[in-house]
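*Asks:* Task: produce atomic coordinates for the following.
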Amino acid sequence: MKKFLILFCLFTGWQSISQAQSTSDFELWLKLGGKADLSEKWRLNMEQQIRFDENVGAVKNYHTELELVYRANSKVDLFFVPRFIRRNDNSGDTQGYENLFRFQLGGAYEHESGQFEFKHRLLFQHRNELGIKKDEGDVPELFVRYKINTEYKIKDWKYDPEFSVEYFQAIDQEFADNNNSIRFAIGTERDYDRFGELGIDYMIDLSLGLAIREVAHILSFKYTYVF
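*Replies:* Model (predicted):
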């Protein structure tokens, strides 16, 4: 049943892309990070990332992120994730880099079924522009995000494939039509004992509710050093 649900979500996404009138872009995300166990229950993850859009012709943004994870038990993680963002605004009358701050609060639940390992993640997200007051145009963006990720374990194989679907729901209904979206991803990650972890993902972001759908095809590369 779970296998069928994942395949159905992927199929529905491809159908949506092919049938809707849309604009398309290709993005490249490069991630460099590290992670360390602070204790038996606590872990700290760090990440520096740069993103390119406009068919990899312009910097979209770059950010610095910390993730503090509390291991409640063998199946449940709770986390707090602050992120400082420099976003490149290259459209409209006022252009240049903007400073934003985003934080997330949430949890994740893991379980296994045969050769499949599932992870469900639910989080609350808040993002706003720094240095701008509300009456000057700063409107905080509030989201609820749900993601289901499954990894297929292959015997004697170090590049187990991962598939995921994530839904973004704007809390403020005034902005829901512009900000709701869904993301499909496929990728793999390998842990090299002393070198660290390398990962690659291909993602498709689909806007929901817009008359002309925005579609982003994203290629992501990630390196994480394990302290």
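*Asks:* On the C-terminal side of the helix or strand of the chain with the lowest mean pLDDT, identify the next helix or strand.
*Replies:* Sorting the helices and strands of the chain by mean pLDDT, DSSP states H and E puts helix 2-19 at the bottom, at a mean of 53. On the C-terminal side of helix 2-19, the closest following helix or strand by DSSP states H and E is strand 22-37.
*Asks:* Which neighbouring elements make contact with that next one?
*Replies:* Contacts defined by 3 or more Cβ pairs under 8 Å, 6 or more residues apart in numbering; DSSP states H and E place strand 22-37 against strand 42-53, strand 213-226. Heads up, the C-betas are built off the backbone N, CA and C, glycines and all.
*Asks:* ok, 10 Å please
*Replies:* strand 42-53, strand 58-71, strand 196-207, strand 213-226 (3 or more Cβ pairs under 10 Å, 6 or more residues apart in numbering; DSSP states H and E).
*Asks:* OK, contacts around Gly57?
*Replies:* The neighbourhood of Gly57, defined by Cβ atoms under 10 Å, 6 or more residues apart in numbering, consists of Asp25, Phe26.
*Asks:* Which pLDDT value goes with it?
*Replies:* pLDDT, Gly57: 96.
*Asks:* relative to its centroid, which residue of this structure is most remote?
*Replies:* Taking Cα atoms, centre = their mean, the residue of the chain most remote from its mean C-alpha position is Asp135, at 30.0 Å.
*Asks:* Quick one: low-confidence residue ranges for the chain.
*Replies:* Applying pLDDT under 70 to the chain flags residues 1-20, 92-93, 173-178.
*Asks:* related to what we said a few turns ago, report the secondary structure state of the residue farthest from the centre of the chain.
*Replies:* Counting by DSSP: H, G, I helix; E, B strand; the rest coil, the backbone at Asp135 sits in helix.
*Asks:* The helices and strands packed on strand 22-37 into CSV, with extra columns for distance to Asn128?
*Replies:* Listed next are these as CSV, based on distance: least, Cβ to Cβ, whole Å:
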stretch, distance to Asn128
strand 42-53, 19
strand 58-71, 14
strand 196-207, 21
strand 213-226, 22
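*Asks:* Please render those strands as JSON lines that adds mean neighbour count to the earlier fields.
*Replies:* Shown next, in JSON lines, are the helices and strands packed on strand 22-37 (neighbours: other Cβ atoms under 10 Å):
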{"stretch": "strand 42-53", "mean neighbour count": "16"}
{"stretch": "strand 58-71", "mean neighbour count": "16"}
{"stretch": "strand 196-207", "mean neighbour count": "17"}
{"stretch": "strand 213-226", "mean neighbour count": "16"}
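*Asks:* now Glu141: how far from Ala185?
*Replies:* Applying Cβ to Cβ, to the nearest Å, the value for Glu141 to Ala185 is 22 Å.
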